[in-house]
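K.L.:
Below are the sequence and a predicted model; questions follow.
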Amino acid sequence: MARRRLPRIFGYRGKPPETREASELNTSDSETLSGKFTSEEDYGLKIANVYGFTAPTATGGTTYTVTLNDVTYKIHQFLSSGTFSVTDTGTVSLFDYIIVAGAGGGGGVIGGGGGAGGTTLYTTEAFSTGSFSIVVGGGGSGGTGWNTGTQRGFKGGTTSAFGNSVTGGGGGLPHGGADTNTSQKNGGSGGGGTSYSAGTGIAGQGNNGGGEMETMVGVVEEKALQETLVERMVVQVMIYQVILDLLLVMEDM
């Protein structure tokens, strides 16, 4: 039976992949591997994943893998400060990373909400060996009290890695009263406003905080709830008074 010739998609120099020994599976810059494949096979991905790829050796953070479109990525996640160490880059020359700063703390009673921590995605960054310090910013403290104490929220911490940094979220504004300090409101994303203007965010990291109108919605809802509770208390007092009147009438009889 005659052997069917398969179409050649790419040319190669050196030994075809299917004839290589175990020690010969790594490619070099001077070789373009191919072999003979059907048109349905993605030759480039197959050769890159099987014959031409060496995984890097790196430690630090919590590691796990994610597979997207049949390509597996290794993730190093830092939830606290630490060190990312690369002892061998393998065949990887570029990598992506995302930096997220600490969120701002919310204001006290009927205060503004805390702003989100600044967030930036860096792509196709040069990958090299070395030890890299990762600093993770914590969340800001929340405000306390109604008309006493520190009502403003505090700004979140800055996160930095690979020579880049993002700014913590702005603290929520106080509603007023005893605390008029608004110094914590600006950040990666600004803190939410009250009668004081909302905080300003940083372009490329976040957005400005919501204004007084957004915050006042919650205030109006809380006030409506309080009025409803007062009305119920009044009704209960009236019922109680009616019962007392009935008892007095019965006693007179």
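P.N.:
Looks like it arrived, so ask away.
K.L.:
Can you name the element that comes right after the helix or strand containing Thr72?
P.N.:
Assigned by DSSP states H and E, Thr72 belongs to strand 71-77. Next in sequence after strand 71-77, counting helices and strands by DSSP H and E, comes strand 82-88.
K.L.:
What residues of that next one count as buried?
P.N.:
Across strand 82-88, burial judged by 16 or more other Cβ atoms under 10 Å covers Gly82, Phe84, Val86. From N, CA and C alone the C-beta is placed, and that goes for glycine too.
K.L.:
ok so, going back, enumerate the positions of the strand holding Thr72 that are buried.
P.N.:
So, applying 16+ other Cβ under 10 Å, buried residues of strand 71-77: His76.
K.L.:
now stretch 191-206
P.N.:
With burial defined by 16+ other Cβ under 10 Å, the residues of stretch 191-206 counted as buried are 191-194, 196-202, 205-206.
K.L.:
How about stretch 112-128?
P.N.:
Buried residues in stretch 112-128 (16+ other Cβ under 10 Å): Gly112, Gly113, Gly114, Gly115, Ala116, Gly117, Gly118, Thr119, Thr120.
K.L.:
Just the ones in strands from those, please.
P.N.:
Thr119, Thr120 (DSSP state E).
K.L.:
out of the buried residues of stretch 112-128, who's nearest Ile75?
P.N.:
Using Cβ to Cβ, Thr119 is the member of the buried residues of stretch 112-128 that lies nearest Ile75, at 16.3 Å.
K.L.:
The closest one against Ile99, yeah?
P.N.:
Yes: shown here, Thr119 and Ile99 form a contact pair, counting by Cβ atoms under 8 Å, at 7.2 Å.
K.L.:
Determine the residues that are contacts of both of the two.
P.N.:
Val166 (Cβ atoms under 8 Å, 6 or more residues apart in numbering).
K.L.:
Name the SS class of the residue nearest to Tyr73 when sequence neighbours are not counted, please.
P.N.:
Closest residue in space to Tyr73, ignoring its immediate chain neighbours: Val66 at 5.1 Å, by Cβ to Cβ, 6 or more residues apart in numbering. Following DSSP: H, G, I helix; E, B strand; the rest coil, Val66 is assigned to strand.
K.L.:
Could you check how far Val66 is from Gly82?
P.N.:
For Val66, the distance to Gly82 (Cβ to Cβ, to the nearest Å) stands at 20 Å.
K.L.:
Okay, now the sheet partners of the strand holding Thr72, with direction.
P.N.:
strand 62-68 (antiparallel) (DSSP bridges).
K.L.:
Would you mind pulling the contact partners of the strand it pairs with?
P.N.:
Residues outside strand 62-68 that contact it (Cβ under 8 Å, 6+ apart) are Thr72, Tyr73, Lys74, Ile75, His76, Gln77, Phe78, Leu79.
K.L.:
ok, so of those residues, who is nearest Thr59?
P.N.:
Closest approach between the contacts of strand 62-68 and Thr59, by Cβ to Cβ: His76, at 8.2 Å.
K.L.:
what sits against the residue nearest to that closest one when sequence neighbours are not counted?
P.N.:
Here the nearest residue to His76 in space, its sequence neighbours aside, is Gly61; by Cβ to Cβ, 6+ apart that works out to 4.3 Å. Residues counted as contacts of Gly61 (Cβ under 8 Å, 6+ apart) are His76, Gln77, Phe78, Leu79, Gly82, Phe84, Ile134.
K.L.:
cool, and Gly172?
P.N.:
Shown in contact with Gly172 (Cβ under 8 Å, 6+ apart): 104-107, 111-115, 142-143, 152-153, 185, 191-192.
K.L.:
now swap in Phe154 and tell me
P.N.:
Phe154 makes contacts with Gly104, Gly105, Gly140, Ser141, Gly142, Gly143, Gly171, Gln184, as judged by Cβ under 8 Å, 6+ apart.
K.L.:
7 Å instead, please
P.N.:
For Phe154, the contacting residues are Gly104, Gly105, Gly140, Ser141, Gly171, Gln184, by Cβ atoms under 7 Å, 6 or more residues apart in numbering.
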